[in-house]
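Asks: give me a 3D structure for the following:
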Amino acid sequence: MRFLMIIIGIYVSLWTTVATAQTPDVSLTIGTVTREPFSFETPEGHSGFSIDLLNAAVETIGMSVSYQSFDSFAEMLTAVETGMVDAAISNISITAERERLMDFTQPIFDGGVQVMLRSDASASSSIFSVILTRDIGLLVLSAVLLLLAGGMLMYLFERKHQPYFDHNPKDAVFPAFWWALNLVVNGGFEERVPQSKPGRAFGVLLVIGSLFIVSIFVAQITAALTVNAIQDNVDSLSDLDGRSVGTIQMSTTSAFLDDRGIAHFEFAGLEELFVAFETKQIEAVVFDGPILAHYVDNTGLGKSRLLERIYRPEKYGMVFTEGSLYREPVDQAFLRLREDGTYQDLITKWFGPAYSIR
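Replies: Here you go, the predicted structure:
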């Protein structure tokens, strides 16, 4: 019994020592990934909101930290789970599954999923881009060839019956095409009504066929403009049907899109995701709102827009290995930074004065 009491006393003493930060020589290895503006690397070292927040916290409790970068969230979280690093920080969403394997601090930021689109083009360029498509081009070319063929066939029937068609074949190409075009658009020329029996029969067929040609052409243009108008009017996730959507692979946003039944492309990192967006490989990006807002306000200024609605609000936290004795003192330091105004100063620095503590 006495031996058990000694063991308990040693454990309590050790925990108290760590919790009260009486060991200034403690150095933690912190995993992170590039998620600007929360965490990223500069020539001077690691920077970002989350990095600054942790640096300020450990400074108050006498610890030191070193950062280890990972290529993906999955690698970073696996490193925490297996003890390769002591903890990790960035814009890590607090989820039940992650909490089951690791220990989170209190939330350090309120975020959520948002949708980013390219800025709307001007109306004129939008109309031309819709009309000048391969399908419309093929349709126009087919109509021109049909009119030319019909006009030349009428020339063969009528060249000996009326002066308009009294040309040699080479000179008759444009007059014949013009006659057929006027037949389709205006119903023909009254003074150039076909005189031969084959010409009259063929003329009737051309008039009837022109109804279908004009109807099909107008329907194609109308359908293209209608689809374009619908696709440009994106106000929610439901409007993303039929669009190419991108996000980060194995992220909570990817799982969210799967749950909503929204097909999407997955990218290994933000750089690949934004390059795909900029080169129009994808039409929309669905990911953490603060990161997309930072992109819109900086790199994508004037070229992209962010839907205001926030889907599935999330809370970000710092994550420690399960049972870590260092989580509690860091957590308390985060609270003190909120109380003394340091937290709000960092919010203002990285997200602007308009952002307030929630």
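Asks: which residues in the stretch 51-200 of the chain form helices?
Replies: Under the criterion DSSP state H, counting those that start in this stretch, helices of the stretch 51-200 of the chain are mapped to 73-82, 96-101, 123-131, 134-158, 173-186, 197-232.
Asks: hey, least reliable of these by pLDDT?
Replies: Lowest mean pLDDT within the helices of the stretch 51-200 of the chain: helix 123-131, a mean of 49.
Asks: need the contact list for Val85.
Replies: Thr29, Ile30, Gly31, Gln68, Met76, Ala79 (Cβ atoms under 8 Å, 6 or more residues apart in numbering). Any C-beta I mention is one placed from the backbone N, CA and C, and that applies to glycine too.
Asks: for these, give me a markdown table that also has distance to Asp110 and neighbour count.
Replies: What follows is these, written out as a markdown table (distance: Cβ to Cβ, whole Å; neighbours: other Cβ atoms under 10 Å):
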| residue | distance to Asp110 | neighbour count |
| --- | --- | --- |
| Thr29 | 27 | 14 |
| Ile30 | 22 | 25 |
| Gly31 | 22 | 25 |
| Gln68 | 27 | 15 |
| Met76 | 21 | 24 |
| Ala79 | 26 | 19 |
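Asks: among those, which two are most distant?
Replies: Put simply, by Cβ to Cβ the two of the contacts of Val85 set farthest apart are Thr29 and Met76, 11.8 Å from each other.
Asks: for Phe104, give me the pLDDT.
Replies: For Phe104, the predicted pLDDT is 96.
Asks: list the contacts of the closest residue to it other than its chain neighbours.
Replies: The spatially closest residue to Phe104, leaving aside those adjacent along the chain, is Gly317, at 4.1 Å (Cβ to Cβ, 6 or more residues apart in numbering). Going by Cβ under 8 Å, 6+ apart, Gly317 touches Ile92, Ile94, Phe104, Thr105, Gln106, Pro107, Ile108.
Asks: need the max-distance pair from those residues.
Replies: Maximum distance among those (Cβ to Cβ): 12.8 Å, for Ile92 and Gln106.
Asks: of these two, which one has the most company?
Replies: Ile92 (31 against 15; other Cβ atoms under 10 Å).
Asks: for the more buried one, list the residues it contacts.
Replies: Here Ile92 is in contact with Phe73, Leu77, Arg98, Phe104, Tyr316, Gly317, Met318, Val319 (Cβ under 8 Å, 6+ apart).
Asks: nearest residue to the first one in space, please, no chain neighbours.
Replies: By that I understand Phe73. Nearest one to Phe73, counting by Cβ to Cβ, 6+ apart, is Val33 at 5.9 Å.
Asks: output the longest strand belonging to the protein.
Replies: Ordering each strand of the chain by length in residues (DSSP state E) puts strand 109-118 first.
Asks: so what are the sheet partners of it and their directions?
Replies: Neighbouring strands of strand 109-118 in its sheet, by DSSP bridges, are strand 284-288 (antiparallel), strand 304-306 (antiparallel), strand 311-316 (antiparallel).
Asks: mind listing what's buried along the last one?
Replies: It stands for strand 311-316. Tyr311, Glu314, Lys315, Tyr316 (16 or more other Cβ atoms under 10 Å).
Asks: also the shortest one?
Replies: Taking 16+ other Cβ under 10 Å as the neighbour-count basis, strand 304-306 is seen to contain the buried residues Ser304, Leu306.
Asks: any idea how far the closest residue to Ala57 other than its chain neighbours lies from Ile108?
Replies: Among residues not flanking Ala57 along the chain, Ala333 sits closest, at 3.7 Å (Cβ to Cβ, 6+ apart). Using Cβ to Cβ, to the nearest Å, Ala333 is found at 11 Å from Ile108.
Asks: repeat for Val245
Replies: Counting by Cβ to Cβ, the gap from Val245 to Ile108 is 28 Å.
Asks: what of Ser47?
Replies: Distance, Ser47 to Ile108, by Cβ to Cβ: 16 Å.
Asks: what's the answer for Ile262, then?
Replies: For Ile262, the distance to Ile108 equals 29 Å [Cβ to Cβ].
Asks: just list the residues touching Pro37, thanks.
Replies: Going by Cβ under 8 Å, 6+ apart, Pro37 touches Gly48, Phe49, Pro290, Ile291, His294, Trp350, Phe351.
Asks: secondary structure element for Val275, which one?
Replies: Using DSSP states H and E, Val275 maps to helix 270-278.
Asks: in that helix, what's buried?
Replies: Under 16+ other Cβ under 10 Å, the buried positions of helix 270-278 are Leu270, Leu273, Phe274, Ala276, Phe277.
Asks: pretty sure the first one contacts Ser39?
Replies: Pointing back at Leu270 there. No. Contact between Leu270 and Ser39 fails when scored by Cβ atoms under 8 Å: they sit 11.2 Å apart.
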